[in-house]
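>>> Prediction below, plus the sequence it came from.
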Amino acid sequence: MINTAVKPRSEAMQAKNALGKIALLGYSIETMEAAKNLGYDFVNVVPKDFVAGLEKEGLEAFAWDFDKFSEDSYKLYDGLKALNVRHSIPLYEETVEWAGMLNSRFMDNPLIFNKYLLFRDKAMMKRKAQMSGIRVGVFEELDNKQQAIRFLERINAVLKTDENAKPSPIHLKPTHAAGSVGHVAAREAKQIEALDDDVFPCMAESHLDGQ
């Protein structure tokens, strides 16, 4: 059961809602309750199996399959625009690029989509940081375990100054995942060999000490 109690809206919130609703991409009871408590008008964009339950709770819902990219993807924007949506908020990893697409169209600014990709594409994010003068590790995009082992060996060949020194780890990160989702650290080839094949393709990065 979703708590749909709404606090009195301020004049500022009334003005924001007059501009249009927000779309919550994904199903999260806590987020819906927070949006209600903050006084936002919103539409839940969820898989079709969730629609009936939300509508029973008196909440507006729009059915969409986030796992499917097709020539019909424009229908998501058209459908939400018809519901007077002005902004979309991704609630889960899988909805980040969809939010980027929607907001770039809502705001009529194609460059917004590229900003959302930085949250998903690890290599793009690292190159952007590097060009901005931020210190990043040596990184490489890998397709399989053999390439990961070679990367580990090359990094340690460069860093090794003492035969008794502990091997430096490398960090394996999904190419398309936000934050630390799917992150793996490996110091030895046997740790890489033990990984599941679905870890690849990924991005490998050398270790940087400090916080």
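Perfect, thanks for sending it.
>>> shaky segments in this structure?
1-9, 118-124, 161-164, 178-179, 210-211 (pLDDT under 70).
>>> Would you confirm that residue 148 contacts residue 192?
Yes. Under the criterion of Cβ atoms under 8 Å, residue 148 makes contact with residue 192 at 4.9 Å. For every residue, glycine as well, the C-beta is placed using N, CA and C.
>>> what sits in contact with each of those two?
172, 186 (Cβ atoms under 8 Å, 6 or more residues apart in numbering).
>>> how much space between residue 186 and residue 194?
Distance of residue 186 to residue 194, computed by Cβ to Cβ, to the nearest Å: 9 Å.
>>> what about these two, which has more around it?
residue 186 (21 against 10; other Cβ atoms under 10 Å).
>>> Name the nearest residue to that one, ignoring sequence neighbours.
The shortest distance from residue 186 to any non-neighbouring residue, by Cβ to Cβ, 6 or more residues apart in numbering, is to residue 192 (5.1 Å).
>>> who's in contact with the one you found?
With Cβ under 8 Å, 6+ apart, residue 192 has these contacts: 145, 148-149, 152, 172, 186.
>>> List buried residues within the residues you listed.
145, 148-149, 152, 172, 186 (16 or more other Cβ atoms under 10 Å).
>>> Mark which of the contacts of residue 192 are part of helices, please.
Mapping the contacts of residue 192 onto helices (DSSP state H) picks out 145, 148-149, 152.
>>> Among the residues you listed, which one sits closest to residue 207?
Distance to residue 207, by Cβ to Cβ, is smallest for residue 152 among the ones in helices among the contacts of residue 192, at 10.6 Å.
>>> check contacts around the closest one.
167, 170, 186-189, 192, 204.
>>> wait, residue 189 sits on residue 149?
Yes. Counting by Cβ under 8 Å, residue 189 touches residue 149, with 4.8 Å between them.
>>> I'd like the distance between the most centrally placed residue in the chain and residue 144.
Centroid-nearest residue in the chain, with Cα atoms, centre = their mean: residue 93, separated by 3.8 Å. Look at residue 93 and residue 144: by Cβ to Cβ, they are 23 Å apart.
>>> same check, this time on residue 39
For residue 39 relative to residue 144 (Cβ to Cβ), the value is 51 Å.
>>> Same drill for these two, tell me which one is more crowded.
residue 39 (16 against 13).
>>> Can you give the distance from stretch 133-152 to the centre of its chain?
Computed by Cα atoms, centre = their mean, to the nearest Å, the chain-centroid distance of stretch 133-152 equals 21 Å.
>>> got the end-to-end distance for it?
From its first residue to its last, stretch 133-152 covers 25 Å (Cα to Cα, to the nearest Å).
>>> Give me the buried positions along that stretch.
139-140, 142, 145, 147-149, 151-152.
>>> cool, stretch 99-109 as well?
Buried-residue list, stretch 99-109, by 16+ other Cβ under 10 Å: 99-106.
>>> Give the closest residue to residue 59 in space, chain neighbours not counted.
Here the residue nearest residue 59, using Cβ to Cβ, 6+ apart, is residue 44, at 6.0 Å.
>>> Distance from stretch 99-106 to the middle of the chain?
14 Å.
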